[in-house]
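Enquirer: no FASTA, just this:
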């Protein structure tokens, strides 16, 4: 079942890679836009990465590798999809930076122990049959004191779960959003762990896309649209984000956010 799942993921992402317009990717927005709170949190907690060896695990189109390379990191862009690795290398060339690229199984990495200062993964774990195996591999390939940084969707929010049932053509059947208790497992592996969750009241923007703007969730990826259109969305997002900060202080409410971001130190 694991091999079948991985092969399905590979085909899906290879097909997606063939449609990506590298020239249209604004790398900075994926980390600094108001609608990228997960990456803003990670950047705040990961520290200075200049000269650091960084593994971008599940690199996708390479936005992460290119952003970190621009900040001075020595980046390895790794993905199970060869098509995505090729797009990441093209994006790096278009942005005037150099990165390494390779295919990799995130649950069984070929890198030696203590190879990297940082392992970063965005939207990866929920694609894997065994996310905990990936977290163990992150820990293994990190140097002592190195940091594992990742963000992924959670499974608890009913609004997002309705969206998932509708957006069948832009995601695979085997995706499994995380339980917030994954944090406890991370804490058991690493010496220090910090995390936060994002998108509660701010999920109104998703409802607005569907109910008011009539955006077909199978024609446009909402989670890409919030980045691409961040300037238009910023006034409403900022207001709703203030409400999110309050709501997250209530008991058990963090679990109902859309995404979780984690930074853990080995």
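Expert: Cool, the structure landed. None of the values given here were measured: they were computed from a predicted structure.
Enquirer: measure the residue lying farthest from the centre of the chain to residue 114 for me?
Expert: Of all residues in the chain, residue 212 has its C-alpha farthest from the mean position, at 27.3 Å, by C-alpha atoms, centre = their mean. From residue 212 across to residue 114, the span is 51 Å (C-beta to C-beta, to the nearest Å). Backbone N, C-alpha and C define where each C-beta goes, glycine included.
Enquirer: now stretch 46-65, how far from the centre of its chain.
Expert: Centre-to-centre, stretch 46-65 and its host chain are 12 Å apart (C-alpha atoms, centre = their mean, to the nearest Å).
Enquirer: buried ones in that stretch?
Expert: 46, 49, 52-65 (16 or more other C-beta atoms under 10 Å).
Enquirer: Which ones among those residues lie within helices?
Expert: 46, 63, 64, 65 (DSSP state H).
Enquirer: Where do the strands of this protein begin and end?
Expert: 53-57, 74-79, 100-103, 116-122, 142-153, 192-198, 259-265 (DSSP state E).
Enquirer: Low-confidence ranges, the chain, go.
Expert: 1 (pLDDT under 70).
Enquirer: what sits up against the longest helix along it?
Expert: In the chain, assigned by DSSP H, the helix with the most residues is helix 230-247. Applying C-beta atoms under 8 Å, 6 or more residues apart in numbering, the external contacts of helix 230-247 come out as 29, 33-37, 198-202, 204-205, 208, 226, 253, 257.
Enquirer: center of this structure, which residue is that?
Expert: residue 122 (1.9 Å).
Enquirer: in the sheet, who's paired with that residue?
Expert: residue 151 (DSSP bridges).
Enquirer: how near is it to residue 51?
Expert: Counting by C-beta to C-beta, the gap from residue 122 to residue 51 is 22 Å.
Enquirer: quick one on the thing from earlier: possible to save the strands of the chain as CSV with distance to residue 88?
Expert: Converted to CSV, the strands of the chain look like this (distance: least, C-beta to C-beta, whole Å):
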stretch, distance to residue 88
strand 53-57, 8
strand 74-79, 4
strand 100-103, 6
strand 116-122, 12
strand 142-153, 17
strand 192-198, 25
strand 259-265, 21
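Enquirer: What is the burial count for the nearest residue to residue 140 once chain neighbours are set aside?
Expert: Distances taken as C-beta to C-beta, 6 or more residues apart in numbering put residue 113 closest to residue 140, at 5.6 Å, once the chain neighbours are dropped. By the criterion of other C-beta atoms under 10 Å, residue 113 has 9 neighbours.
Enquirer: ditto for residue 73
Expert: 25.
Enquirer: In contact with residue 145, which residues?
Expert: So residue 145 contacts 265, 266 (C-beta under 8 Å, 6+ apart).
Enquirer: Likewise for residue 84?
Expert: So residue 84 contacts 13, 14, 16, 17, 59, 60, 61, 62 (C-beta under 8 Å, 6+ apart).
Enquirer: Return the closest of those residues with respect to residue 139.
Expert: Taking C-beta to C-beta as the measure, residue 139 sits nearest to residue 59 out of the contacts of residue 84, at 19.4 Å.
Enquirer: Contacts only, for the residue lying closest to residue 157 once chain neighbours are set aside.
Expert: Closest residue to residue 157 apart from its sequence neighbours, by C-beta to C-beta, 6+ apart: residue 256 at 5.0 Å. Taking C-beta under 8 Å, 6+ apart, we find residue 256 in contact with 154, 156, 157, 200.
Enquirer: ok, now with 10 Å
Expert: Neighbour list for residue 256: 154, 156-160, 180, 197, 199-200, 203, 247-248, 250 [criterion: C-beta atoms under 10 Å, 6 or more residues apart in numbering].
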